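A.B. asks: sequence and predicted structure, then a few things I'm wondering about:
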Amino acid sequence: MKVRTLLLSLLLLPLVTPPAEAQIPYTPVLDFSCDFYYYGYDIDPRYDRYQYIYCEIVNSNQHDITVEISMTTGLNMQLQDETVTVSAQNSDLVYVDFLRDRTTTKGAHQVELTAIITRYASVMTCDSCEEETRTKQVNILAWFEMDWNLKE
């Protein structure tokens, strides 16, 4: 009877112990910053502005990280990369383009960029990672067009 209980205990022991991931909690850190690349915050809506805003992702962790980036804005803007993998102790840049849109109302508009680590060490999902959000204000300038072909 004792042998049977011992064997049963040894068989059930692996089911009771927590996995290694739970024993060593690790949350990678995200360093995320955004700024205007070259033009400043004023936009003339008659022209495209490529690489208008850039966001730098710095990985100071000991593991590679995969970062998911999203953008919320009412402007006609395009995020060049939505998912970026950054090597350990390295950094990467993500660019936002302003696409020509003459229907945009003049004045100040908000561009909100959000980044979150979705994976680290290539395979580990990061359920405890927090989102980092950066907001930039973009000023759309007033504009007009003139037709030089005057008719009598």
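C.D. replies: In hand now; what should we look at? Numbers count the residues shown, from 1 in each chain.
A.B. asks: so which residue is dead centre in the chain?
C.D. replies: residue 69 (2.2 Å; C-alpha atoms, centre = their mean).
A.B. asks: by contact count, what packs against whichever strand or helix holds that one?
C.D. replies: Residue 69 is part of strand 65-73 when elements are defined by DSSP states H and E. Under the contact criterion of 3 or more C-beta pairs under 8 Å, 6 or more residues apart in numbering; DSSP states H and E, strand 65-73 touches strand 49-59, strand 77-79, strand 83-86, strand 107-120. The way it works is simple: take the backbone N, C-alpha and C, and place the C-beta from them, glycine included.
A.B. asks: again, 10 Å this time
C.D. replies: In this structure, strand 65-73 makes packing contacts with strand 31-36, strand 49-59, strand 77-79, strand 83-86, strand 90-98, strand 107-120, strand 124-125, strand 132-140, judged by 3 or more C-beta pairs under 10 Å, 6 or more residues apart in numbering; DSSP states H and E.
A.B. asks: which of those sits most buried?
C.D. replies: Across these, averaging neighbours per residue (mean count of other C-beta atoms under 10 Å) puts strand 49-59 on top, at a mean of 19.
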